[in-house]
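> Please work out how this folds:
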Amino acid sequence: MYKHILLASDGSENAVRAAKEAVKIASCDKDSVIDVVYVVDFEKSKSDVLHSGSSEALDMERRKKNSKVLQFLNETKINYKTTILRGKPGLEIVKYANEQNMDLVVIGSRGLNTLQEMVLGGVSHKVMKRVNCPALIVK
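So this is what the prediction gives:
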């Protein structure tokens, strides 16, 4: 069914809920692999670098943000790998999903109201519009 599943994660509770759905889907096929993608946002990374003591500390902080999702995946015994990308989250997720020929993208919704989404454009909305494979937005 879906062998290559991209799980977009920012470490939030929405990402954990998305991980739960990705695991449900991946458990249908023992050969499925979930690729947990975390995007380091350029606009936030400048501030992170300034407030970090070292590049190792910065890397650990980024991995820590995603720890809830990774801990959940470790408990489920599902095959997964992690990928850290840099750039604008929506664009990088779409680019990676399309280049890697993903079968499915699973992403959490931030729950923006309609007005905010029209003005700001949520990451999940951008991914849904531009990705070449099916996408699941989890509330």
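> Quick check: next helix or strand after the lowest-mean-pLDDT helix or strand in the chain?
Across the helices and strands of the chain, the lowest-confidence element by mean pLDDT, DSSP states H and E is helix 114-120, at a mean of 48. Scanning forward in sequence from helix 114-120, with DSSP states H and E defining helices and strands, the next element found is helix 123-130.
> which helices and strands sit right next to that following helix?
Counting contacts by 3 or more CB pairs under 8 Å, 6 or more residues apart in numbering; DSSP states H and E, the secondary-structure elements packed against helix 123-130 are strand 4-8, helix 89-99, strand 104-108, strand 135-138. Bear in mind the C-beta positions are built from the backbone N, C-alpha and C, glycine included.
> quick one: buried residues of it?
Residues of helix 123-130 classed as buried under the neighbour-count rule (16 or more other CB atoms under 10 Å) are 123-128.
> can you pull the buried residues of the longest helix seen in the chain?
Taking DSSP state H as the criterion, the chain has its longest helix at helix 13-26. If you call a residue buried by 16+ other CB under 10 Å, then helix 13-26 has these buried ones: 14-19, 21-23, 25-26.
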